[in-house]
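In: This is the structure alone, sequence omitted:
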């Protein structure tokens, strides 16, 4: 090959048969975000049935007893197996449809079916028994349950002073959240309260109130796309991404206003779009002029461990979970509040339900 010969053109992402089933503009955007070495893995991840995780719920039963019951269930089904993901979660492989959801462990509330990536944000926030915690967009409730368990602590430990407030704005989702938290034991614990409220108004209502906050922001749900199910991405467009980003920025402002000085929060989404992730965070940090900073996160060891990518645009400490046959794509960043919110932001200017362009989008996702 001569020096003047540029060689063959790089293979288009759309040439991959899995990627070709997804929106072309989404594929091109994602190809620019992910490392090239991960492209084929990512495209295949949208067409594979991933093993669910079973979170072992200490609010209802001893996790050791639940683990034994699930192992006995696996033994009844040839080919089915369980592997430890971390101390309180198992990956469930090759179970027949509905067997897990109808198992006594799940129906009793001792185990909760969840996407493995949804185990990460509560661990990154890591609240303790004495923390006042806010889950600002809580439905359907998987992460809320994990927060409640961390606040409750071990069954034989003294009760701390901590509380958990779970907020949801959409009425049907609120009632689903209520049902999940009731069934899985969180509402039986003192200090867990639910609020049907627009999260964009919370910071104005209770400024400087919480030690720790989780904002799993409503997003375009790009990580939940299924190459075999066009309905899973029929809502998607760059326009919808922009709408989500507008709402996310208002929610992040509200969360940071509700956070105490010295407190920490985790902002996360199941979107890949930088507009919904790094750009939202960077814009808000710029507006707050050093009052809030990013800080490192500690994630527990996982087997298999997620492939992680540093945040884009130089956003310190932000992490992206790269999609593969176990993990859904995810974005996380942890923030610390160093100074009180400026008086100019202590208004309800971020609480409006108006969007810059039309109506918003509700996610259809399992958290």
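Out: Cool, got the structure. Fair warning: this is a prediction, and the values are worked out from it, not measured in the lab.
In: Please name the residues that touch residue 297.
Out: 124, 266, 317, 319, 332-334 (Cβ atoms under 8 Å, 6 or more residues apart in numbering). Placement of C-beta: from N, CA and C, glycine included.
In: what about residue 215, how many neighbours?
Out: 26 (other Cβ atoms under 10 Å).
In: and the helix or strand harbouring it, what does it pack onto?
Out: Residue 215 is part of strand 210-216, with elements assigned from DSSP states H and E. Applying 3 or more Cβ pairs under 8 Å, 6 or more residues apart in numbering; DSSP states H and E, one finds that strand 210-216 makes contact with helix 120-125, strand 132-135, helix 142-152, helix 238-258, strand 259-269.
In: Below-threshold pLDDT in the stretch 1-150 of the chain: ranges please.
Out: Scanning the stretch 1-150 of the chain with the threshold set as pLDDT under 70 gives 1-15.
In: Which residue ranges of the protein form strands?
Out: Under the criterion DSSP state E, the chain contains strands at 53-56, 81-86, 89-93, 111-114, 132-135, 163-168, 192-196, 210-216, 259-269, 292-295, 308-310, 319-321, 330-337.
In: How is the protein partitioned into domains?
Out: 53-114, 118-345 (automatic domain parsing).
In: The strands of the chain: which one's closest to residue 230?
Out: Closest of the strands of the chain to residue 230 is strand 259-269, at 22.1 Å (criterion: Cβ to Cβ).
In: strand partners of that closest one, parallel vs antiparallel please.
Out: Here strand 259-269 is paired, per DSSP bridges, with strand 210-216 (parallel), strand 330-337 (antiparallel).
In: residues making contact with the first one?
Out: Contacts made with strand 210-216 from outside it, assessed by Cβ under 8 Å, 6+ apart, are listed as 121-122, 125-127, 131-137, 143, 147, 162, 165, 199, 251-252, 255, 258-260, 263-269, 367.
In: Quick one: distance of it to the chain centre.
Out: 13 Å (Cα atoms, centre = their mean, to the nearest Å).
In: Same check on stretch 295-314?
Out: 13 Å.
In: end-to-end on that stretch?
Out: One end of stretch 295-314 sits 13 Å from the other (Cα to Cα, to the nearest Å).
In: Go through that stretch and flag the buried ones.
Out: Residues of stretch 295-314 classed as buried: 297, 299, 302, 306-307, 309, 311-312 (neighbour count, 16 or more other Cβ atoms under 10 Å).
In: give me the number of residues near the closest residue in space to residue 293 that isn't next to it in sequence?
Out: In space, and not counting its chain neighbours, residue 293 is closest to residue 336: 5.6 Å by Cβ to Cβ, 6 or more residues apart in numbering. Residue 336 has 14 neighbouring residues, counting by other Cβ under 10 Å.
In: mind checking pLDDT for residue 336?
Out: We have a pLDDT of 98 for residue 336.
In: how close does it sit to residue 209?
Out: Counting by Cβ to Cβ, to the nearest Å, the separation of residue 336 from residue 209 is 16 Å.
In: Dump the strands of the chain to CSV, plus distance to residue 104.
Out: Listed next are those as CSV, based on distance: least, Cβ to Cβ, whole Å:
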stretch, distance to residue 104
strand 53-56, 13
strand 81-86, 15
strand 89-93, 15
strand 111-114, 9
strand 132-135, 28
strand 163-168, 26
strand 192-196, 24
strand 210-216, 29
strand 259-269, 32
strand 292-295, 41
strand 308-310, 36
strand 319-321, 32
strand 330-337, 30
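In: closest to residue 179 out of the ones you listed?
Out: Of all those, strand 192-196 sits nearest to residue 179, with 10.8 Å by Cβ to Cβ.
In: Give me the helices and strands touching that closest one, please.
Out: Short answer (3+ Cβ pairs under 8 Å, 6+ apart): strand 192-196 packs on strand 163-168, helix 171-183.
In: Tell me which other helices or strands the longest one touches.
Out: The contact analysis (3+ Cβ pairs under 8 Å, 6+ apart) places helix 171-183 against helix 142-152, strand 163-168, strand 192-196.
In: Residue 138 versus residue 257, what's the distance?
Out: From residue 257 to residue 138 the distance is 18 Å (Cβ to Cβ).
In: out of the two, which sits in the more crowded spot?
Out: residue 138 (30 against 24).
In: looking at it, that one is touching residue 180, isn't it?
Out: No. Here residue 138 does not reach residue 180: they are 9.4 Å apart, not a contact under Cβ atoms under 8 Å.
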